[in-house]
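*Asks:* Just to be clear, the model below is a prediction. Sequence and coordinates:
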Amino acid sequence: MSIQLAGTGQFTKPNGNSIQRVAPLMQWWFLVDMLFVFIAGVQLFVLSEFTNQFFAWTIASTLTAAFLGAAYWSTLPMLWLSFRAETWANARVAVPGVWVFTALTLILTLVHWSRFHWASPLVTAQLAFYSWLAIYVLVPIILALAWYLQRRVPGVEPAREHRFPNWFRVLFGAQAIVLLCVGAALYLISNTLIPMWMWTLTPFTAMAVGAWCIGIGVTTMWGVWENDARRLRGAMLTYALLGVLQLVVVARYATQINWGNGFALVYLAFLASVIVTGALGVLFARRAN
């Protein structure tokens, strides 16, 4: 339990120690990142067929483009609630996975440099590329700096007062392991996994999908460690939305999925489990308020 001091905006624990608040740079980063992911979602989820004109690189598979766009848009609730959070413990879940994702995406940009629109005859495509490059070069640096400054903010760690049931943590952790393992395979040994995938991937797009799976897996595993429903309200909304949006992608581009591949049904089942887990997490968070 914490107490807000009238007129100060400071929170104290019953023993008089103040709870660590969100540093200004970190708070503004959440807001700026929301703008970035919203634009990326428009480029990929809405304009899936036009990545050659409006995105940093051409994605031949519209299903893959929409998958990536859905992943970007799904992070909006988590970033928004982290921006609004007054205490660091309630905001930090949005940081580790995003940092890992942006670092991995910078690496794949350098590895597949020739595939990007840096020399496209279209101004919109070039603008999309240079915006992409600036974001994925600067964000890992700025976010690391923001984390460093955040660690210097005085204050104590609030108690975990709304822990999840053990069975829920096991389920959440199992999903995190699946995401991390699949993401690592797609990112590091894509040629091995591509033949088994449910839709057409290239080594480039496999790395992009893998980077997202790893980033989501890191966020999910961080949530298992946090083990507090109030702290994870935004993350649980994001998790449920991720499953819903990815099911929309499947319905929208169902003809591009190889339904004879046994993993297709496993994928659908996993998305359903993500939605259920996210919805349960939101329910736990509502009870905690």
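*Replies:* Arrived safely.
*Asks:* mind listing what's buried in the helix or strand where residue 280 lies?
*Replies:* Under the criterion of DSSP states H and E, residue 280 resides in helix 262-288. Of the residues in helix 262-288, those buried by neighbour count under the rule 16 or more other CB atoms under 10 Å are 264, 267-268, 270-271, 274-275, 277-282, 284-285. The way it works is simple: take the backbone N, C-alpha and C, and place the C-beta from them, glycine included.
*Asks:* How far off centre is that helix?
*Replies:* Helix 262-288 sits 15 Å away from the centroid of its parent chain (CA atoms, centre = their mean, to the nearest Å).
*Asks:* so for it, what's the average pLDDT?
*Replies:* If you average the pLDDT over helix 262-288, you get 95.
*Asks:* Packing partners of that helix?
*Replies:* helix 166-188, helix 233-252 (3 or more CB pairs under 8 Å, 6 or more residues apart in numbering; DSSP states H and E).
*Asks:* Just name the most buried of these.
*Replies:* Among the helices and strands packed on helix 262-288, the stretch with the highest mean neighbour count (mean count of other CB atoms under 10 Å) is helix 233-252, at a mean of 21.
*Asks:* related to what we said a few turns ago, how about the helices and strands packed on helix 262-288, which one is nearest residue 51?
*Replies:* Nearest of the helices and strands packed on helix 262-288 to residue 51, taken as CB to CB: helix 233-252 at 14.5 Å.
*Asks:* ok, so what distance separates residue 146 from residue 28?
*Replies:* Distance, residue 146 to residue 28, using CB to CB, to the nearest Å: 9 Å.
*Asks:* quick one: which of the two has more around it?
*Replies:* residue 146 (22 against 13; other CB atoms under 10 Å).
*Asks:* Quick check, that one in contact with residue 25.
*Replies:* Yes: contact criterion CB atoms under 8 Å: residue 146 and residue 25 qualify, at 4.6 Å.
*Asks:* State the mean pLDDT of the lengthiest helix in the chain.
*Replies:* Identified as the longest helix of the chain according to DSSP state H is helix 123-151. The average pLDDT within helix 123-151 is 95.
*Asks:* From the contact counts, what lies against it?
*Replies:* helix 24-41, helix 51-54, helix 96-111.
*Asks:* Now tell me which helix or strand of this protein has the poorest mean pLDDT.
*Replies:* The weakest-scoring helix or strand in the chain, judged by mean pLDDT, DSSP states H and E, is strand 3-4 (a mean of 43).
*Asks:* now for stretch 251-262, what's the gap between its first and last residues?
*Replies:* Using CA to CA, to the nearest Å, one end of stretch 251-262 lies 17 Å from the other.
*Asks:* nearest to residue 43, of the buried residues of helix 262-288?
*Replies:* residue 271 (22.6 Å).
*Asks:* Spatially, what comes nearest to residue 239 if we skip its sequence neighbours?
*Replies:* residue 278 (3.6 Å; CB to CB, 6 or more residues apart in numbering).
*Asks:* ok so, going back, distance to residue 253 and mean pLDDT added to the helices and strands packed on helix 123-151, as a markdown table?
*Replies:* Listed next are the helices and strands packed on helix 123-151 as a markdown table, based on distance: least, CB to CB, whole Å; pLDDT from 0 to 100:
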| stretch | distance to residue 253 | mean pLDDT |
| --- | --- | --- |
| helix 24-41 | 16 | 95 |
| helix 51-54 | 14 | 96 |
| helix 96-111 | 23 | 97 |
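*Asks:* Now do stretch 247-254: everything it contacts.
*Replies:* 45, 62-63, 66-67, 70, 199, 257, 267-268, 271-272, 275 (CB atoms under 8 Å, 6 or more residues apart in numbering).
*Asks:* do that again at 10 Å, thanks
*Replies:* Residues outside stretch 247-254 that contact it (CB atoms under 10 Å, 6 or more residues apart in numbering): 45, 48, 61-71, 198-199, 256-257, 264, 267-268, 271-272, 274-275.
*Asks:* so where's the stretch 101-250 of the chain shaky on pLDDT?
*Replies:* Judged against pLDDT under 70, the stretch 101-250 of the chain has no low-scoring part.
*Asks:* What residues sit buried inside stretch 158-165?
*Replies:* Result for stretch 158-165 [16+ other CB under 10 Å]: buried residues 158, 162, 164.
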